[in-house]
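Asks: Following is a predicted model, sequence given first.
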Amino acid sequence: MELRVLGCSGGEAEGHRLTGLLVDGVVAIDAGSLTQALTLEEQVGIRQIFITHSHLDHICTLPFYTKNIFGHTDVPVEIHALPETLDALRRHLFNDEIWPDFSVIPSPDNPIIRFSEIEPGRVYEVEGLRVTPVPVNHLVPTVGYLVEDGRSAFAFTSDTAETDRIYAAANAAPDLRLFITECSFPNAQDWLADASKHLTPRKLARELAKLRRDVPVGIYHLTPGDRAVMLPELEALGDPRVRLLEQDARFTW
């Protein structure tokens, strides 16, 4: 398995792309940076996209991606997400007002993208991978994903406050190689983390006690302007597993 980090920032600025992962060049998780990080040829190569939730930083390049691949694929790209997330995409994005509805273009029988509802806990076998959505605790319905290929696995919590099931799934995965989770605000903004259902380094420390595996823990979703404050707070956790997830990093297992 090859995992490529297209973007892992909690805010957008020069050198900081929004959330997106690419597995084996064909399966994307979230769409915050598809068009900034990938060549046109690489974009056309994507066959499946799994969305964690409807917040803008996880979906914002989907419209431009659909336009880029138009005319370059004969098979619809599957957009997998919770029913609530797909409903938000239909009502607020692909609604012919903000952006054309490419789920019916060029025709309903042969669209550029096809929306596919996912069910938490069900395993989806796509492109040689097993992808399992796991509910987490965020402001809107959200899932993380456990991705396995029979030899290796990684878990991605997406955006979340305190949660349990994704840790149980990671602990049970026999070939786990990487656990990716968020940390969005410094400790002084604990109130903001509570209000928006995110984590601070202090909250993260309590969450990581649930992870019983000795694997790297990649931290993503830091806001660019808060990095200077948060890096010492993350280092102070003293957890040797913890490291920042780096944009453009590649993992091969």
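Replies: In hand now; what should we look at?
Asks: Keeping just the C-alphas, turn the one helix or strand residue 206 maps to into CSV.
Replies: Using DSSP states H and E, residue 206 sits in helix 201-208. Extracted in CSV, the C-alpha atoms of helix 201-208 (Å, rounded to 0.1, in the frame of the first residue of the first chain):
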residue,chain,number,x,y,z
PRO,A,201,-2.8,18.8,22.8
ARG,A,202,-4.1,18.2,26.4
LYS,A,203,-7.2,16.5,25.1
LEU,A,204,-5.2,14.5,22.6
ALA,A,205,-3.0,13.1,25.3
ARG,A,206,-6.1,11.6,27.0
GLU,A,207,-7.3,10.2,23.7
LEU,A,208,-4.1,8.6,22.8
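Asks: who touches it?
Replies: 161-163, 167, 181, 183, 186-187, 190, 193, 199, 217, 219, 230, 233-234, 236-237, 239, 241-242 (Cβ atoms under 8 Å, 6 or more residues apart in numbering). Where C-beta positions appear, they are placed from N, C-alpha and C, glycine not excepted.
Asks: what separates it from the chain centre, distance-wise?
Replies: 20 Å (Cα atoms, centre = their mean, to the nearest Å).
Asks: where does the stretch 51-200 of the chain have low pLDDT?
Replies: Within the stretch 51-200 of the chain, no stretch has pLDDT under 70.
Asks: Where do the strands of it begin and end?
Replies: Assigned by DSSP state E, counting those that start in this stretch, the stretch 51-200 of the chain shows strands spanning 77-81, 113-117, 124-126, 129-135, 143-148, 153-156, 176-182.
Asks: My read is that residue 221 contacts residue 9, right?
Replies: Yes - in terms of Cβ atoms under 8 Å, residue 221 counts as a neighbour of residue 9; the distance is 7.1 Å.
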